[in-house]
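1. structure for this input, please:
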Amino acid sequence: MGKYANAKFPYEELEVWQYSIELAEIIYKIAKLFPEEERYGLSSQIRRCTSSIGLNIAEGKGRYSKKEFKHFLYIARASLYELSSCLELALRLKYIDKEQYGTIREKAFQILFMINSLIKSIT
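-> Numbering: from 1, shown residues only. I've put the predicted structure just below:
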């Protein structure tokens, strides 16, 4: 291994980023179980919006100003809202059960509160 193998990017220290990656992992595993006809539909959309949360947090942290970081946090939050809508549809279509729905929403709300707190802390 090289000398940077254990180095961390600044965003990796953010608990909200860590939680968002955990959530994305859960979603990717669940989306694999969606019907085949959803491969390019809801399954794809739910994976894109959930990965967008962590990606925008990371990109924002890598920007040069607090204003830009805040902007990307707003985008991450919007992706979280999109995920929530996708989850509701997946539940109604019975692609996920109520237990999965509840578990994912619990984690989503934790992330939402963390994003909101981070936004408020940036002046």
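
2. can you list the weak-confidence ranges in the chain?
-> Flagging of the chain using pLDDT under 70 yields an empty set of residue ranges.

3. and the helices in it?
-> Listed in chain order, the helices found in the chain under DSSP state H are 15-31, 42-61, 66-92, 98-121.

4. contacts for the first one, please.
-> Looking back up the chat, that one is helix 15-31. 11-12, 43, 46-47, 50-51, 53-54, 57-58, 61, 76, 83, 96, 100, 103-104, 107-108, 110-111, 114-115, 118 (Cβ atoms under 8 Å, 6 or more residues apart in numbering). Heads up, the C-betas are built off the backbone N, CA and C, glycines and all.

5. and those residues, which of them are buried?
-> By neighbour count, with 16 or more other Cβ atoms under 10 Å, the contacts of helix 15-31 hold 11, 43, 46-47, 50-51, 53-54, 57-58, 61, 76, 83, 96, 100, 104, 107-108, 110-111, 114-115, 118 as buried.

6. list the buried residues in stretch 71-82.
-> 71-73, 75-77, 79-80, 82.

7. would you list those residues in JSON lines and tack on distance to residue 22?
-> Listed next are those as JSON lines, based on distance: Cβ to Cβ, whole Å:
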{"residue": "71", "distance to residue 22": "24"}
{"residue": "72", "distance to residue 22": "19"}
{"residue": "73", "distance to residue 22": "18"}
{"residue": "75", "distance to residue 22": "19"}
{"residue": "76", "distance to residue 22": "15"}
{"residue": "77", "distance to residue 22": "17"}
{"residue": "79", "distance to residue 22": "15"}
{"residue": "80", "distance to residue 22": "13"}
{"residue": "82", "distance to residue 22": "18"}
